[in-house]
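J.: No sequence on hand, only this structure:
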């Protein structure tokens, strides 16, 4: 059963965002975060920053 999220009660000034991922990817991220000894949030944020940096370098080369 999926969790219902009530967005009406969320503050509009919130600086955090939700990202939906499937259960399989979540499990892989959870295992990797535990292996590295860091939070899922830190792992996802650092991974996203790395992907964006690579993408930015690639688009500059074009």
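T.: Received the coordinates, thanks. None of the values given here were measured: they were computed from a predicted structure.

J.: give the contact list for the residue sitting nearest the centre point of the chain.
T.: The chain has residue 44 as the residue nearest its centroid, 4.0 Å off, counting by Cα atoms, centre = their mean. Counting by Cβ atoms under 8 Å, 6 or more residues apart in numbering, residue 44 makes contact with 19, 29. The way it works is simple: take the backbone N, C-alpha and C, and place the C-beta from them, glycine included.

J.: Now do the strand or helix carrying it, average pLDDT.
T.: Using DSSP states H and E, residue 44 sits in helix 40-61. Helix 40-61 comes out with an average pLDDT of 91.

J.: List the buried residues for that helix?
T.: Buried residues in helix 40-61, counting neighbours by 16 or more other Cβ atoms under 10 Å, are found at residue 43.

J.: what about that helix, distance to the chain center?
T.: With Cα atoms, centre = their mean, to the nearest Å as the basis, helix 40-61 stands 11 Å off its chain's centre.

J.: Mind pulling up the pLDDT for residue 15?
T.: Note on residue 15: pLDDT of 79.

J.: From residue 48, how far out is residue 32?
T.: As for residue 32, its distance to residue 48 is 14 Å (criterion: Cβ to Cβ, to the nearest Å).

J.: pretty sure residue 30 contacts residue 39?
T.: No. Residue 30 lies out of contact with residue 39 (Cβ atoms under 8 Å); the separation is 10.2 Å.

J.: Overlap in contacts, these two.
T.: Joint contacts of residue 30 and residue 39 (Cβ under 8 Å, 6+ apart) do not exist.

J.: mind checking how far the residue nearest to the centre of the chain is from residue 62?
T.: Residue 44 sits 27 Å away from residue 62, taking Cβ to Cβ as the criterion.

J.: Check residue 16 too.
T.: Residue 16 is 33 Å from residue 62, by Cβ to Cβ.

J.: neighbour count winner among these two?
T.: Neighbour count, other Cβ atoms under 10 Å: between residue 16 and residue 62, residue 16 has more, with 7 against 4.
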